[in-house]
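A.B. asks: Kindly generate the corresponding structure for this input.
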Amino acid sequence: MNQSTGILKDYQPASHLLAGRQIAVTGADYELGDAVARAVAAHGGTAILIGRDQPTLEKLYDELVQSGAAEPALLPFDLWRASADDFDALGKTLSGAFEHLDGLAHCAVDLGILSHWRYMTFPSGYG
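C.D. replies: The predicted structure follows:
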């Protein structure tokens, strides 16, 4: 093991590492986004919870507030079905509600079926 690998392995972020930071987390209504939003809150940041399942987002919101973390923001939004106008409205909502955005954790993913690339088919002109 080289020295840099050891440093990363032993790294423990400070509990206030993200204090005053506002981080938008897409997919906050599923496992990966939920975990990232909790990590943002645990390290002092404000999590902006973005996802399509409002009841799940509300549950996460309540849990973060009860934990004593900075109050998160909740933005129900379906990235999959959104139109260009919807994304424009989301941008306006974010810029109107927040002075700044310090980060985006894009955790809204649909991995589909995992397979070796040689067994996949791609649309013509892809890549």
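A.B. asks: Correct me if wrong, but L49 is in a strand.
C.D. replies: Yes. Secondary structure assignment (DSSP: H, G, I helix; E, B strand; the rest coil) places L49 inside a strand.
A.B. asks: check contacts around it.
C.D. replies: Taking CB atoms under 8 Å, 6 or more residues apart in numbering as the definition of contact, the neighbours of L49 are 25, 28-29, 33, 37, 57, 60-61, 72-75. C-beta coordinates here come from the backbone N, C-alpha and C atoms, glycine included.
A.B. asks: Mark which of the residues you listed are part of strands, please.
C.D. replies: Secondary structure defined by DSSP state E assigns 25, 73-75 of these to strands.
A.B. asks: which of these has the most neighbours?
C.D. replies: Using other CB atoms under 10 Å as the neighbour test, those are led by V25, with 30 neighbours.
A.B. asks: what does the model give P123 for pLDDT?
C.D. replies: Among the per-residue scores, P123 holds a pLDDT of 69.
A.B. asks: Let me have the contacts of L49 in TSV, adding distance to D110 and pLDDT as columns.
C.D. replies: TSV is the format used below for those (distance: CB to CB, whole Å; pLDDT from 0 to 100):
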residue	distance to D110	pLDDT
V25	16	98
A28	15	97
D29	13	96
G33	13	96
A37	19	98
L57	18	98
L60	20	98
Y61	23	98
P72	24	97
A73	24	96
L74	22	95
L75	19	96
